[in-house]
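Asker: Quick check, what structure comes out for this input:
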Amino acid sequence: MPEQGAAPDSCVSGDAAPACPIFFYRQRQRVLASCLDSVLEIGRQREGEPAPAVRLDHSRGARIILAPIDDVEISRSHVEAAPAEGGQVRIRNLSASLPVRVERHFLAPGESTLAVPPVLIEFGSYAVRVDPPEEEEL
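Answerer: Residues are numbered from 1 along each chain as shown. So this is what the prediction gives:
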């Protein structure tokens, strides 16, 4: 795992625009670092899935398992984060009943917003930080 605050190596690519580094926290402790290179569904472990914290890539994007199956503080599908035009991030609350805090605003269930990194997303004792893409040094 990369050092605290460092982006995973896979966020910086040759010709394509670099993806935003994304960091996942539980009770202010970093548990996972990844890249916002596709649509990410973030939530609690489902029956038969690996233990958190882990990223599972699939054809429509990826799923981040952030919480164990018995942690009902967050939904199985709680937040969606996706790259958007102009370097923005689209954040959507997938929960049917729980709010998501994006910076100083709250997203009700089903609501979405656009934000420019760096952006902090909080729900329960969990947080997700999306940083701006890191430029390769020449």
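Asker: Model confidence for residue 29, exactly?
Answerer: Confidence at residue 29, expressed as pLDDT, is 96.
Asker: for the one 3 residues further on, same thing?
Answerer: At residue 32, the predicted lDDT confidence score is 98.
Asker: wait, residue 93 sits on residue 105?
Answerer: No - with contact defined as C-beta atoms under 8 Å, residue 93 does not count as touching residue 105 (11.2 Å). Just so you know, the C-beta spots here come from the backbone N, C-alpha and C atoms, and that holds for glycine as well.
Asker: any chance you could map the strands in the chain?
Answerer: Taking DSSP state E as the criterion, the chain carries its strands at 20-26, 29-36, 40-44, 54-58, 61-67, 79-83, 89-93, 100-102, 105-107, 112-115, 119-123, 126-130.
Asker: And the ones you listed: which comes nearest residue 11?
Answerer: Shortest distance between residue 11 and those, using C-beta to C-beta, is found for strand 29-36: 4.1 Å.
Asker: what stretches of the protein score poorly on pLDDT?
Answerer: 1-10, 12-17, 135-138 (pLDDT under 70).
Asker: re the thing from before, who has more neighbours out of residue 93 and residue 105?
Answerer: Neighbours per residue (other C-beta atoms under 10 Å) separate residue 93 from residue 105, with residue 93 holding more: 24 against 11.
Asker: which residues does that one form a beta bridge with?
Answerer: residue 79 (DSSP bridges).
Asker: and the gap between it and residue 27?
Answerer: Applying C-beta to C-beta, to the nearest Å, the value for residue 93 to residue 27 is 21 Å.
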